[in-house]
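K.L.:
This is the structure alone, sequence omitted:
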């Protein structure tokens with residue numbers, strides 16, 4: 001019973017400490033989504049040069065996209081002519097940080113970590129993008145994809161719709177999982193359990209890498225886990241390795257890089273991400289030791305806020321995330337509903353609410369499409385209307401979601 005109490009206590013503390021900055025980050029993510037168009041990003045990334053890699057890295061840092069959410073955007077960039085280096089840089093810097101995760105990092109880990117984490121994402125993205133220039137460019141021969149953007153009648157409302165409805169659907173379950181794992185580490189792992197590993201830095205980094213690479217965690221959901229690991233004796237450098245390698249490497253991302261950019265690109269991507277994570281983790285440990293005499297560098301942002309504000313925002317965050325879960329269940333398409341439609345496609349790479357929204361938007365733009373139903377759980381898309389099946393398949397393929405036909 002005491003362990004259960006400690007689990008609930010630790011998880012609740014993590015939740016309320018993160019909530020003010022996370023809600024602010026969601027608002028900023030909504031603003032970026034509503035006012036920054038993909039066309040603006042794409043036109044800067046075409047040439048295989050340092051400039052395109054630099055711009056792709058910088059564009060990716062503030063965007064609140066998870067590992068799976070970044071894939072369709074990267075596919076669009078590649079199909080519209082972005083260089084391989086720019087695509088890889090974007091895929092590295094984007095899922096490892098974002099405005100929401102930067103603020104959430106400050107809330108638990110303090111200003112030094114909050115500043116160094118996006119800097120580490122930038123350096124990792126540059127490393128991956130620039131190393132890709134060592135290999136020949138492998139461009140797709142197909143037609144370019146020019147998806148039009150949804151005309152927002154009211155971008156103010158779109159800011160709140162995306163920031164507090166769509167974005168919580170993407171990060172909500174990973175945030176809850178991260179908080180519970182962080183609470184469990186605090187309740188069940190003895191104090192100082194990881195301190196012996198600090199004396200063998202390479203072994204410590206390899207151990208945390210072995211956990212982070214196969215584990216899917218978003219940039220925000222990984223923060224409470226990193227906080228709990230450090231509280232139990234793990235070095236800040238190892239926590240940074242977890243924060244970089246966890247969100248940037250997973251089976252879906254690696255599969256996309258392989259299918260679109262080739263074997264050499266996969267090797268470049270993985271070696272660069274892991275290598276830069278190790279190097280930056282080592283630098284983080286040096287900085288941490290150097291800054292030990294300046295306590296302001298380590299003070300979590302949550303300590304500066306009054307308890308009543310953290311309590312209110314914690315309750316609001318429960319409503320936002322709970323509402324996202326409830327809407328997902330209420331709006332979930334049944335398997336039978338999809339399968340009785342005229343055309344049914346299986347879309348294996350579809351994995352988040354961002355994927356679902358993009359597929360619906362892409363198909364509804366086609367003339368003759370009357371209705372689109374997306375079953376995210378079963379990874380199926382149903383379409384009604386007078387439109388050739390080939391046109392639907394081509395639209396899905398260009399949007400970054402190659403389909404498998406389920407019906408004639």
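P.N.:
Yep, it's here. Not measured: the values here are computed from a predicted model.

K.L.:
Please point out which parts of the helix or strand where residue 177 lies sit buried.
P.N.:
Following DSSP states H and E, one finds residue 177 within helix 167-188. By 16 or more other Cβ atoms under 10 Å, the buried positions in helix 167-188 come out as 167-187. Any C-beta I mention is one placed from the backbone N, CA and C, and that applies to glycine too.

K.L.:
For residue 24, what is the enclosing helix or strand?
P.N.:
Assigned by DSSP H and E, residue 24 falls within helix 2-35.

K.L.:
so that helix versus helix 167-188, what angle?
P.N.:
Between the axis of helix 2-35 and that of helix 167-188 there is an angle of 160 degrees, by axes from the mean of the first three to the mean of the last three Cα atoms, to 10 degrees.

K.L.:
I'd like the average pLDDT over helix 2-35.
P.N.:
The pLDDT scores in helix 2-35 average 80.

K.L.:
returning to that earlier point: by contact count, what packs against the helix holding residue 177?
P.N.:
helix 2-35, helix 222-231, helix 307-331, helix 353-364 (3 or more Cβ pairs under 8 Å, 6 or more residues apart in numbering; DSSP states H and E).

K.L.:
What residues sit buried inside the following helix or strand past that helix?
P.N.:
Under the assignment DSSP H and E, the closest C-terminal helix or strand after helix 167-188 is helix 195-198. Within helix 195-198, the residues scored as buried using 16+ other Cβ under 10 Å are residue 197.

K.L.:
The nearest residue to residue 298 once chain neighbours are set aside: neighbouring residues, count only.
P.N.:
Spatial nearest neighbour of residue 298, excluding adjacent residues (Cβ to Cβ, 6 or more residues apart in numbering): residue 110 at 4.6 Å. The number of residues packed near residue 110 is 21, by other Cβ atoms under 10 Å.

K.L.:
Compute the distance between residue 110 and residue 296, please.
P.N.:
As judged by Cβ to Cβ, to the nearest Å, residue 110 and residue 296 stand 8 Å apart.

K.L.:
between the helix holding residue 177 and helix 353-364, how big is the angle?
P.N.:
Comparing the axes of helix 167-188 and helix 353-364 via the same axes, to 10 degrees yields an angle of 160 degrees.

K.L.:
Tell me how far helix 167-188 lies from the chain's centre.
P.N.:
Put simply, helix 167-188 sits 15 Å off its chain's centre (Cα atoms, centre = their mean, to the nearest Å).

K.L.:
got it, and stretch 101-111?
P.N.:
How far stretch 101-111 lies from its chain's middle: 16 Å, per Cα atoms, centre = their mean.

K.L.:
now stretch 359-374
P.N.:
Distance of stretch 359-374 from its chain centroid, counting by Cα atoms, centre = their mean, is 26 Å.

K.L.:
Average pLDDT for it, rounded please.
P.N.:
Mean pLDDT, stretch 359-374: 86.

K.L.:
residues of stretch 268-288 that come out buried?
P.N.:
268-270, 272-274, 276-285, 287-288.

K.L.:
any low-confidence regions in the stretch 251-400 of the chain?
P.N.:
Applying pLDDT under 70 to the stretch 251-400 of the chain flags residues 251-252, 293-294, 302-304, 330-340, 351-354.

K.L.:
Let me see the ranges of the helices in it.
P.N.:
Under the criterion DSSP state H, counting those that start in this stretch, the stretch 251-400 of the chain contains helices at 251-261, 263-290, 307-331, 335-339, 353-364, 389-398.

K.L.:
what does the stretch 51-200 of the chain give?
P.N.:
Assigned helices in the stretch 51-200 of the chain, in chain order: 70-79, 84-96, 99-131, 155-161, 167-188, 195-198 (criterion: DSSP H, counting those that start in this stretch).

K.L.:
wait, which of these is closest to residue 9?
P.N.:
Comparing the helices of the stretch 51-200 of the chain by their distance to residue 9 (Cβ to Cβ), the top pick is helix 167-188, with 7.8 Å.

K.L.:
if we can go back for a sec, make CSV from the helices of the stretch 251-400 of the chain and add distance to residue 28 to it.
P.N.:
Listed next are the helices of the stretch 251-400 of the chain as CSV, based on distance: least, Cβ to Cβ, whole Å:
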stretch, distance to residue 28
helix 251-261, 24
helix 263-290, 25
helix 307-331, 15
helix 335-339, 35
helix 353-364, 17
helix 389-398, 30
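
K.L.:
Point out the most buried one among the ones you listed.
P.N.:
Comparing the helices of the stretch 251-400 of the chain by mean neighbour count (mean count of other Cβ atoms under 10 Å), helix 353-364 ranks first with a mean of 20.

K.L.:
That helix vs helix 307-331, what angle?
P.N.:
Going by the same axes, to 10 degrees, helix 353-364 makes 40 degrees with helix 307-331.

K.L.:
what angle separates helix 353-364 from helix 389-398?
P.N.:
Here helix 353-364 runs at an angle of 140 degrees relative to helix 389-398 (the same axes, to 10 degrees).

K.L.:
helices or strands up against helix 353-364?
P.N.:
Here helix 353-364 touches helix 70-79, helix 167-188, strand 369-375, strand 380-385, helix 389-398, going by 3+ Cβ pairs under 8 Å, 6+ apart.
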